[in-house]
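In: this is a predicted model, with the sequence first.
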Amino acid sequence: MEKDEIFAEIKAMLVKQFELEPEQITLEANLFTDLDLDSIDAIDMVVYLQKKTGKKFSPEQFKTVRTINDVVEVVYQITHA
């Protein structure tokens, strides 16, 4: 998956599962302050991305994630390792 595809996938999931407005979801959007996600929501997102990519993610890989772009970067790194 390329970065634009990863972003599109994350955006679609956030709109569907968390009922967020598409225009809220930008690469700069902070998961917690801008999108109002909590730690359980973040776990749900990681589980969804694991299923979508077929890759296992470790919690350490997501410890520093704060923005949508951070998520895109981590998923890209894992899928291209």
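Out: Ah, there it is.

In: tell me which element the most centrally placed residue in the chain falls in.
Out: Central residue of the chain (CA atoms, centre = their mean): Val71, 4.4 Å from the mean position. If you go by DSSP states H and E, Val71 is part of helix 68-79.

In: contacts for that helix, please.
Out: 1-3, 6-7, 10-11, 25-29, 31, 45, 49, 53, 55, 57, 61-62, 64-65 (CB atoms under 8 Å, 6 or more residues apart in numbering). Backbone N, C-alpha and C define where each C-beta goes, glycine included.

In: report the angle between the helix or strand of the chain with the lowest mean pLDDT and helix 68-79.
Out: In the chain, the helix or strand scored least confidently by mean pLDDT, DSSP states H and E is helix 39-53, which has a mean of 92. Counting by axes from the mean of the first three to the mean of the last three CA atoms, to 10 degrees, helix 39-53 lies at 40 degrees to helix 68-79.

In: kindly format the C-alpha coordinates of helix 39-53 as PDB.
Out: Extracted in PDB, the C-alpha atoms of helix 39-53 (Å, rounded to 0.1, in the frame of the first residue of the first chain):
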ATOM      1  CA  SER A  39      -7.300   4.800  23.800                       C
ATOM      2  CA  ILE A  40      -9.900   2.200  23.100                       C
ATOM      3  CA  ASP A  41     -10.700   3.900  19.800                       C
ATOM      4  CA  ALA A  42      -7.000   3.900  19.000                       C
ATOM      5  CA  ILE A  43      -6.800   0.100  19.700                       C
ATOM      6  CA  ASP A  44      -9.800  -0.500  17.500                       C
ATOM      7  CA  MET A  45      -8.100   1.400  14.700                       C
ATOM      8  CA  VAL A  46      -4.900  -0.600  15.100                       C
ATOM      9  CA  VAL A  47      -6.900  -3.900  15.000                       C
ATOM     10  CA  TYR A  48      -8.700  -2.700  11.800                       C
ATOM     11  CA  LEU A  49      -5.300  -1.800  10.200                       C
ATOM     12  CA  GLN A  50      -3.800  -5.200  11.200                       C
ATOM     13  CA  LYS A  51      -6.700  -7.000   9.500                       C
ATOM     14  CA  LYS A  52      -6.600  -4.800   6.400                       C
ATOM     15  CA  THR A  53      -2.800  -5.100   5.900                       C
END
